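> need a structure here:
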Amino acid sequence: MDTRELYTTASLAHLSLTEDEVGELSQQVSRMLEYFSIMRDFNVVSLEPTTHTFSKVNRLRQDTEVNGERLSHVADSLLDNAPECEDRFFVIPNVL
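Reported below is the predicted structural model:
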């Protein structure tokens, strides 16, 4: 992507870029466009989608044993190391 296109796109996004940022961003965008052109060569017409917004199947797995321990026990031991937890959740400071 040339710098003129980059400045136009940045302007539309209400971004101001320095000369250094333009040089680096130009290389990164060009690399992304190269990857997209490679992806365009793959035939995906006959492939089934791997995800859908209206999943009808619950994708949760069973709580199984790993190395002789139940995963819920592992979670309990992790929560024991938390500085503060409430009802099996980590307590963190408010962000807003």
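
> and V29, how many residues sit next to it?
14 (other C-beta atoms under 10 Å). Quick note: C-beta positions are derived from backbone N, CA and C, even for glycine.

> how about the secondary structure of it?
Here V29 is recorded as helix under DSSP: H, G, I helix; E, B strand; the rest coil.

> V45 and F90: what is the separation?
From V45 across to F90, the span is 45 Å (C-beta to C-beta, to the nearest Å).

> so these two - more neighbours on which side?
The neighbour count for V45 versus F90, taken as other C-beta under 10 Å, is higher for F90 (11 against 5).

> return the distance of the more buried one relative to Y35.
Taken as C-beta to C-beta, the span from F90 to Y35 is 36 Å.

> what do you get for S46?
With C-beta to C-beta as the criterion, S46 and Y35 are 22 Å apart.

> ok, those two, which is more surrounded?
Taking other C-beta under 10 Å, S46 and Y35 do not tie; Y35 has more neighbours (9 against 5).

> so where do the strands sit in the protein?
Using DSSP state E, the strands of the chain run over 65-66, 69-70, 85-86, 89-90.

> lowest-confidence stretch among these?
Of all these, the segment with the smallest mean pLDDT is strand 69-70, scoring a mean of 61.

> need the helices for the protein, in chain order.
Assigned by DSSP state H, the helices in the chain fall at 3-12, 19-40, 71-80.

> export those as a markdown table, with columns for distance to T64.
Below are the helices of the chain laid out as a markdown table (distance: least, C-beta to C-beta, whole Å):
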| stretch | distance to T64 |
| --- | --- |
| helix 3-12 | 48 |
| helix 19-40 | 36 |
| helix 71-80 | 7 |
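
> save those as a markdown table, and put in mean pLDDT and distance to Q62 too.
Listed next are the helices of the chain as a markdown table, based on pLDDT from 0 to 100; distance: least, C-beta to C-beta, whole Å:
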| stretch | mean pLDDT | distance to Q62 |
| --- | --- | --- |
| helix 3-12 | 90 | 48 |
| helix 19-40 | 91 | 35 |
| helix 71-80 | 77 | 9 |
